[in-house]
Structure formats: structure tokens, C-alpha cells
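>>> 3D, please:
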Amino acid sequence: MIVCVCKSVSDRKIRAAIAEGADTFDELQFELGVATCCGKCEESVRDVMAQSGACQSQCGVEHHVHAMPVTFYERKAA
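Here you go, the predicted structure:
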């Protein structure tokens with residue numbers, strides 16, 4: 001699945017970079033460019049890192065489920 005739309009980075013590319021030795025978020029940003037444009041993928045990248053077992057002891061990445069607040073807006077007729 002595509003994790004970073006801006007840079008077209010998939011979870012497979014992230015896992016491959018981790019397998020090749022990238023073990024911090026900063027290294028993944030440098031190598032793959034994730035979370036360097038809009039930043040919306042940072043949480044997903046960190047989730048892939050946590051699932052892969054990368055960086056747990058060094059930088060405290062843990063798998064969390066974050067509830068996002070939802071706001072509904074009413075459309076009014078012009």
C-alpha cells in the first residue's frame with residue numbers, strides 16, 4: 001500500500017529500507033523522503049516501523065491508535 005503519496009513510497013519500500021539498516025525515522029526521511037512534503041504520512045510511517053520492530057529501543061516508537069476528531073460542517077444554500 002502507498003504510505004507517502006507525495007513521494008510514492010509504499011510500505012514495502014519502507015520495510016526494505018529497514019531491512020537494509022535504516023532504524024530511525026530520520027534515516028527513512030533521508031533515504032526515502034517520507035514526511036518531507038505535507039507530513040500527513042508520518043504516523044503511518046511510524047506504524048510501519050513499529051510493526052517491523054525498528055527503532056523500538058532507540059527512539060521509543062510504539063504502535064498507537066490515535067483517534068482523530070471529526071468535525072461536520074453544514075452546507076447552507078446560497
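
>>> what's the nearest residue to Ile7 if we skip its chain neighbours?
One correction, residue 7 is Lys, not Ile. Of all residues not flanking Lys7 in the chain, Gly33 sits nearest, at 4.3 Å (CB to CB, 6 or more residues apart in numbering). For the C-beta atoms, the positions are set from N, CA and C on the backbone; glycine is no exception.

>>> wait, the one you found touches Val5, no?
No. Here Gly33 does not reach Val5: they are 11.7 Å apart, not a contact under CB atoms under 8 Å.

>>> looking at the two, which one has more neighbours?
Higher neighbour count among Gly33 and Val5: Gly33, with 14 against 11, using other CB atoms under 10 Å.

>>> for that one, which residues are in contact?
Counting by CB atoms under 8 Å, 6 or more residues apart in numbering, Gly33 makes contact with Cys4, Cys6, Lys7, Val9.
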